[in-house]
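Undergrad: could you look at this predicted model? Sequence included:
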Amino acid sequence: MDRREFLKISLAGSGLFFCPVMSGLQDGLFSATPVYSSTMSKVEARYYAKLPDREIRCDLCPRYCQLGDKERGFCGVRENQGGRYYTLVYGKVASLNVDPIEKKPFFHFLPGSETFSIATAGCNFSCKFCQNWEISQMRPEQVRNINLPPQVVVATAIEYRCPVVAYTYTEPVVFFEFMYDTCVLARRNGLKNAVVTAGFINPEPLEDLLKVVDAIKVDLKAFNQKFYTNYVKGELKPVLETIRRIVRAGAWLEIVYLVIPSLNDDPNEIKQMSRWLKQEIGPDYPIHFSRFHPMYLIKNLPPTPISTLEKLREIALAEGLNYVYVGNVPGHPGENTYCPKCGKLVIERYGYTIKKKELSKGQCRHCGQTIAGVWS
Amino acid sequence: MRSDHSRSLELRKNLSPFLLGFLATSFQILILREFEVRHHSNELVYGLVLAFWLLGGGLGSLLAEKQPVQKIKPVWFFSGSLLLSSLILFFLRFARFFYGVLPAESINPGAIFISSFLISLLVSLPLGALFVANVFWLEGRLGLVYQLESLGAAAGGFLVYLIILPYFSSWQAAALLILLTGAALLIIVENRKTVFHLLPVFLLLAAFFWSFDLPSEKKYWKPFELLTARDSLHARIQVIRSGDQISYYTSGFLAFNYPDLASAEEAIHFALLQRPASSSLLLVGGGLNGALSQALQYPQLEIDYVELDPELVRLALRFSGQELEVLSHPRVKTYLQDGRRFIQSTDKKYDLVICNLPEPTTAQVNRFYTVEFFNLVKKILKPDGVFSFRLPSSENYLSDERAQLLASIYHSLKQVFKKVEIIPGDNNIFLASEEDLDLRLEHFEAGLSEYDLRTVYFRPEIIQSRLHPLKKVYWLNRIDSIPEPRINSDCSPISYFYQNMIWSRQFRGPVSQLLNFLSGLRRFWLFDLPLLLFVLLTIFISIKKQPGTSSLLLPVTLMGFTTIVAEIGFILSFQARFGLVYSQISLLFTVFMFGLFLGAAAGRRIQPDVKVKPLLSVQAGFVLFLTLARFVPSSGWKFHFYGLLLLMGFLAGYLFVVANALYLERKNRYGLGYALDLFGSFFGALVTTGLFIPILGLEKLFDFLLLLNSFCLVFLLLRFRSSI
């Protein structure tokens, strides 16, 4: 089987591709049976400390899991084997798609681009509302994986003319080694790297990652620790630190705040969060107030009323943030980008589609104001 | 005077087992309903609760043998049971705070297992003990106690299901039952002074349940704003407000939101634009979220809308008044009845049938996804008509469990319709017809423009990504990767088993692994091996030289198993065939219990010296009955179900009394026979709904019962041949 054949077979089994260029390639490409694998990788993990009695401490995320022999961390994808720590998901892709970048969502980073999006099993959070729980809350042996080492990821992205590789769906931090190596290779080949994360990572690996990443979207789950404790099983403070460091390192940042009715939609909290963001990272990094669609353990809760999203958007704008969006509500005016100076429409969107762009070299065509972002 | 006193004493003693049956059945109904609402239950969970209930009863009757229960006064026994039942009802409402979960959040199977075990045991254990206590109070007349208990159970079922629940909530029903029991105790108890002392407690308890139904529900829903909660015949309906959006819940499941444009547009337009010039649409369920308004955008379309629960419609009109106009629109006709029953009985032909129903999490809903239902839909469609429904999924990944579920429904649909198309997404849209279907983007764009449809989510920008051919390729590849996909049918409802597997996968723990293991079991493990073990058991018992007590109690245990399994089988096939006709299903329970009463009465007339022959006869009766029952799932007559349940009750009551009378001639143990009957039922309840019916199917299940009972008959014939 040659490389091309391998790619075809792998992608046929798992990909949901939107690249218009692919339409001509479909015949013959998807006739093959997908090749799935339930085996795990055994690549030594980075960021861990060896302890006495073959124990180790994982230093990748603020959980600092201390593990005995044959034990796995909270994420379920990193294992201590005889005092050495291994990642079990290196090159083991559970989901891959070609998505519009607006789906991540990135609104100020190469709008209209296609991303080659990948994920492995596992997550270091346990959100009750996870959209991708069937992979994120599973161990690698519990899902259908495809062997896709970094070289193949990059080659495939190039082959399907995706300028961006996105690490998404589950929590890319838990497949750090695979993500990092792919990022290095992607950069070498002229591709950009975009990471979609909850931001629960320690400073050292984060700083290393920021050297090879172009854009990061952070899911800020709430602006209080109680929510993180009760519904996410995580901590807020390290996430805020991640946000600070991303901006300091000069990578592009966008923030998504999934609004769950009655659980994290307190206007006062949103006011405090907006103030904090303005003070710590400035007013120019976009924040998306996304609509919650009931999922996973709380699939019987009501979705977010659109009026709530509108109210929160107004609060954040009033607090001085320049780019505040309403997410998951196609056709809503809050999906569009408006110039913070003249107030005119700069980018009109409908769902993931760009309808109109009044932007020239990153500046508003109406008044010349620079619109923050990475536009080319 | 003396004679009057004796009669009064006799009446008091006879009323006691009647009250036991009445109390046990009525509180079992209320506790099961509350459990269902707070745990978002399906048949797997009902089976578990029922099983533990029966186990508790059995253990209680065994324990009572060893305790000097006859010394405990009836008033304390009944009052204690009543208080415990009330406490459990109260606990269930607030159980989520103990579990530490949000309102309506899915609950871990481990927590469900433990709570159903504890709850059932707490209530049913004393009730089981009370059965034996009654036998003591009635000087060992076990047959009479069984007979009167059955009558009480029939009366309790009838009163609660058909008279109280149509008008009152579960908690209000509990208040009424507490008062009724208090009044009954005044009659039963000789020393009324104790009852008078207890009356204030009963009154307070009743007042609490009567007044605190809504306030306690509000507490349950915090931090959400509960607008109202009502018990309808079919479910407990709760209405929640968040901002300008109203959410309607039925028994803890989110039924629909208003407004919900995304869902309404998705349900209607993909299907309608297949035949945009259609003149007739049948919409089954889910019209109140805005779907009817969407369908009315097609100017020539006449809509028949079927909704099961009138109370849900009434509340929707109250809180989402905008839809009032739609329901009274001249082109909309609303039918308040079961959707499947409507489809079965209508003579009308439709251009389109859209089922807008929840996923098949229960056997009740599963009957809208079976091959038999798809055939019914095909019959009412015009030759080029289109049928559509949706099933939730995940856009980024299809797990093995979900692929199995989708494959079972996809292949069932393909068995009936020539053309089946899928539009994958977070909701998979299924479209089926005998003629071609057009899923090209241009086709939908043309429809949008020609009919000037005012839509927000159903727009070319969104449709484009949904229709990408590669999504469909992935979907079909995953479905094709399922080896030997099972067909979902009324008699073998496998899809709801797969749905249970998806549910259990949400939690870490052994349940998911167990269900996965069970799904892979083949006929040998569930059918041949248990039969073989049963035969070995009969051989083991036969090795003893003389026909002993175990020979008499084996048919009792088997009867307990057979009756519960067959009863569940009858009700599920009745429901699949005739729809969710609440009052009639309640009547089925009552008819069975009344059959038990009649059977026990007949059994008590048999002379002690000729009881072996009647035992053999009644076991032969079971074999004949099961031969008949084998054909009931495919029978079209309601009368068959009522008749057979009455007959089965009769045989069971008769067998219990006769076998126990024989046993009591040999040993003086009042509790063992009853306990074994309940242990048999426990095992039956545990395996039937969650395992036997979906995996083996109803027909195989009746074959299994028939063979078990035939082996038992052969065993009895050989064992008692000298007595014949």
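TA: All right, it came through fine.
Undergrad: for the residue of the stretch 251-376 of chain A found nearest chain B, report the pLDDT, please.
TA: The stretch 251-376 of chain A approaches chain B most closely through A:Pro305 (3.1 Å), counting by Cβ to the nearest Cβ. All C-beta spots, glycine's among them, are computed from the backbone N, C-alpha and C. Looking at A:Pro305, its pLDDT reads 95.
Undergrad: point to the helix or strand of chain A where mean pLDDT is at its lowest.
TA: Ranked by mean pLDDT, DSSP states H and E, the weakest helix or strand in chain A is strand A:15-17, scoring a mean of 36.
Undergrad: need the contact partners of the helix or strand just after it.
TA: Next in sequence after strand A:15-17, counting helices and strands by DSSP states H and E, comes strand A:43-44. With Cβ atoms under 8 Å, 6 or more residues apart in numbering or on different chains as the test, strand A:43-44 has contacts from A:84-87, A:90, A:177-178.
Undergrad: and chain B, which of the residues you listed contact it?
TA: Among these, no residue sits close to chain B (Cβ under 8 Å from any Cβ of the partner chain).
Undergrad: what's the closest non-adjacent residue to the residue in the stretch 151-300 of chain B that chain A sits nearest to?
TA: Per Cβ to the nearest Cβ, B:Gly243 is where the stretch 151-300 of chain B lies closest to chain A, at 3.1 Å. Of all residues not flanking B:Gly243 in the chain, A:Pro305 sits nearest, at 3.1 Å (Cβ to Cβ, 6 or more residues apart in numbering or on different chains).
Undergrad: likewise B:Asn516?
TA: For B:Asn516, ignoring the flanking residues on the chain, the nearest one in space by Cβ to Cβ, 6+ apart is B:Met501 at 6.5 Å.
Undergrad: next, count neighbours for residue 66.
TA: Answering for chain A, as no chain was given. A:Gln66 is flanked by 14 other residues according to other Cβ atoms under 10 Å in any protein chain shown.
Undergrad: the chain in question should be chain B.
TA: So B:Lys66, with other Cβ under 10 Å, has 9 neighbours.
Undergrad: equivalent analysis for B:Leu717, please.
TA: 13.
Undergrad: buried residues, the helix or strand harbouring B:Pro17. List them.
TA: Counting by DSSP H and E, the element that carries B:Pro17 is helix B:2-39. Residues of helix B:2-39 classed as buried by neighbour count (16 or more other Cβ atoms under 10 Å in any protein chain shown): B:13-39.
Undergrad: am I right that B:Ile429 sits in a strand?
TA: Yes: judged by DSSP: H, G, I helix; E, B strand; the rest coil, B:Ile429 forms part of a strand.
Undergrad: what about A:Gly250, how many residues nearby?
TA: Neighbours around A:Gly250, by other Cβ under 10 Å: 9.
Undergrad: now it: phi and psi?
TA: Backbone torsions of A:Gly250, given as degrees, to the nearest 10, read phi 90, psi 10.
Undergrad: and what about the residue nearest to the spatial centre of chain A, helix, strand or coil?
TA: Geometric centre of chain A, nearest residue: A:Val196, 1.2 Å, by Cα atoms, centre = their mean. Secondary structure assignment for A:Val196 (three-state DSSP): strand.
Undergrad: what residues does it make contact with?
TA: Applying Cβ under 8 Å, 6+ apart, we find A:Val196 in contact with A:104, A:166-169, A:172, A:216-217, A:219.
Undergrad: and chain B, which of these reach it?
TA: A:Tyr169.
Undergrad: name the element the residue nearest to B:Asn516 belongs to?
TA: Counting by DSSP H and E, the element that carries B:Met501 is helix B:494-505.
Undergrad: how much space between the residue lying farthest from the centre of chain A and chain B?
TA: The C-alpha centroid of chain A is most remote from A:Asp53, which lies 36.6 Å away (Cα atoms, centre = their mean). In this view, A:Asp53 and chain B are 27 Å apart by Cβ to the nearest Cβ, to the nearest Å.
Undergrad: tell me the contacts of the closest residue to that residue other than its chain neighbours?
TA: What sits nearest to A:Asp53 in space, not counting adjacent residues and going by Cβ to Cβ, 6+ apart, is A:Gly68, at 7.6 Å. A:Gly68 makes contacts with A:53-55, A:80, as judged by Cβ under 8 Å, 6+ apart.
Undergrad: interface residues of the stretch 351-500 of chain B facing chain A?
TA: B:394-400, B:402, B:426, B:456-457, B:459, B:461-462, B:464-465, B:468-471, B:473-474, B:477, B:480-481.
Undergrad: which among these end up buried?
TA: By neighbour count, with 16+ other Cβ under 10 Å, those hold B:394-400, B:402, B:426, B:457, B:459, B:461-462, B:464-465, B:468, B:470-471, B:473-474, B:477, B:481 as buried.
Undergrad: I'd say B:Gly425 and B:Asn396 touch.
TA: No: counting by Cβ atoms under 8 Å, B:Asn396 is not a contact partner of B:Gly425; they are 10.7 Å apart.
Undergrad: next one: the residue in the stretch 501-650 of chain B positioned nearest to chain A from B:Ser512, what distance?
TA: Chain A sits closest to B:Gln506 of the stretch 501-650 of chain B, with a gap of 6.1 Å, by Cβ to the nearest Cβ. As judged by Cβ to Cβ, to the nearest Å, B:Gln506 and B:Ser512 stand 8 Å apart.
Undergrad: tell me where the model's unsure across chain A.
TA: Applying pLDDT under 70 to chain A flags residues A:1-39.
Undergrad: show me which helix runs longest in it.
TA: Longest helix of chain A, by residue count under DSSP state H: helix A:267-281.
Undergrad: and the nearest residue to B:Leu678 once chain neighbours are set aside, how many neighbours?
TA: Leaving aside its chain neighbours, B:Leu678 sits nearest to B:Gly58 (3.6 Å; criterion: Cβ to Cβ, 6+ apart). B:Gly58 has 26 neighbours, counted by other Cβ under 10 Å.
Undergrad: in which helix or strand would I find B:Gly58?
TA: Element membership for B:Gly58, per DSSP H and E: helix B:43-66.
Undergrad: that helix to helix B:2-39, inter-axis angle?
TA: Computed with axes from the mean of the first three to the mean of the last three Cα atoms, to 10 degrees, the direction of helix B:43-66 lies at 140 degrees from that of helix B:2-39.
Undergrad: for B:Glu461, what are its contacts?
TA: Contacts of B:Glu461 (Cβ under 8 Å, 6+ apart): A:330, A:350-353, A:355.
Undergrad: what helix or strand is it on?
TA: Counting by DSSP H and E, B:Glu461 is part of helix B:460-466.
Undergrad: quick one: mean pLDDT over that helix.
TA: Here the average pLDDT along helix B:460-466 is 87.
Undergrad: domains in the chain, as residue ranges please.
TA: Let's take chain A. Domains of chain A are assigned by automatic domain parsing as A:43-87, A:92-364.
Undergrad: meant chain B actually
TA: Using automatic domain parsing, the domains assigned to chain B come out as B:1-221, B:253-366+B:386-399+B:422-482, B:521-724.
Undergrad: export those domains as TSV, with columns for distance to A:Gly190.
TA: Output for those, formatted as TSV (distance: least, Cβ to Cβ, whole Å):
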stretch	distance to A:Gly190
domain B:1-221	46
domain B:253-366+B:386-399+B:422-482	25
domain B:521-724	54
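Undergrad: and these: which comes nearest A:Pro340?
TA: Closest to A:Pro340 of those, according to Cβ to Cβ: domain B:253-366+B:386-399+B:422-482, at 25.9 Å.
Undergrad: quick one: terminal-to-terminal distance for that closest one?
TA: Start and end residues of domain B:253-366+B:386-399+B:422-482 are separated by 29 Å (Cα to Cα, to the nearest Å).
Undergrad: show me how far it is from its chain's centre.
TA: With Cα atoms, centre = their mean, to the nearest Å as the basis, domain B:253-366+B:386-399+B:422-482 stands 27 Å off its chain's centre.
Undergrad: what do you get for stretch B:627-647?
TA: The mean C-alpha position of stretch B:627-647 is separated from the chain mean by 19 Å, Cα atoms, centre = their mean.
Undergrad: which residues sit against that stretch?
TA: Counting by Cβ under 8 Å, 6+ apart, B:490-491, B:566-567, B:569-570, B:573-574, B:577-578, B:584, B:587-588, B:591-592, B:594-595, B:598, B:625, B:648, B:698-699, B:702-703, B:705-706 sit against stretch B:627-647.
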